[in-house]
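> Generate coordinates for the sequence data below:
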Amino acid sequence: MKTTRIIPLTGIINILLLILTHCKVDSSVDYRVIRVEKGWGYELYNGQKIIIHQEIIPVIERNSPFLSRSDARKTGKLALQKLSSGKIPSITKRDLDSLRIAYP
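Numbering: from 1, shown residues only. All right, here's what the predicted structure looks like:
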């Protein structure tokens, strides 16, 4: 079971690195909260191009959407701040806890 979790995480990291190296991030980068089935998510976009579409809460074991619009907004905003500062916009469990994100 742990092996299957490592492979998707590696794939996600590779995708994020690809985005960062091939997508020029400028002042038009932004985020928006989106309504998804049974909850909320967020998108990061550069101009009109969506660069991250996040329908589930990252890093938790269950594939659950954010329970509130506010939680999706706070997490999307943090991911945007990381991306804008040249970092990989990955979210950690520590990030979720510090933002007081509710998750199952």
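
> Please make it C-alpha for all contacts and neighbour counts, starting now.
Fine.

> export stretch 95-102 as PDB, just CAs?
C-alpha atoms of stretch 95-102 as PDB (Å, rounded to 0.1, in the frame of the first residue of the first chain):
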ATOM      1  CA  ASP A  95      -0.100  23.700   6.000                       C
ATOM      2  CA  LEU A  96      -3.700  22.300   6.400                       C
ATOM      3  CA  ASP A  97      -3.400  22.300  10.100                       C
ATOM      4  CA  SER A  98      -2.000  25.800  10.400                       C
ATOM      5  CA  LEU A  99      -4.800  27.100   8.200                       C
ATOM      6  CA  ARG A 100      -7.300  25.100  10.400                       C
ATOM      7  CA  ILE A 101      -8.700  23.200   7.400                       C
ATOM      8  CA  ALA A 102     -11.400  20.700   8.300                       C
END
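
> Now it: average pLDDT?
For stretch 95-102, mean pLDDT is 97.

> again with stretch 30-50
Here the average pLDDT along stretch 30-50 is 95.

> and for it, what are the contacting residues?
25-26, 28-29, 51-57, 65-69, 72-73, 76-77, 79-80 (CA atoms under 8 Å, 6 or more residues apart in numbering).
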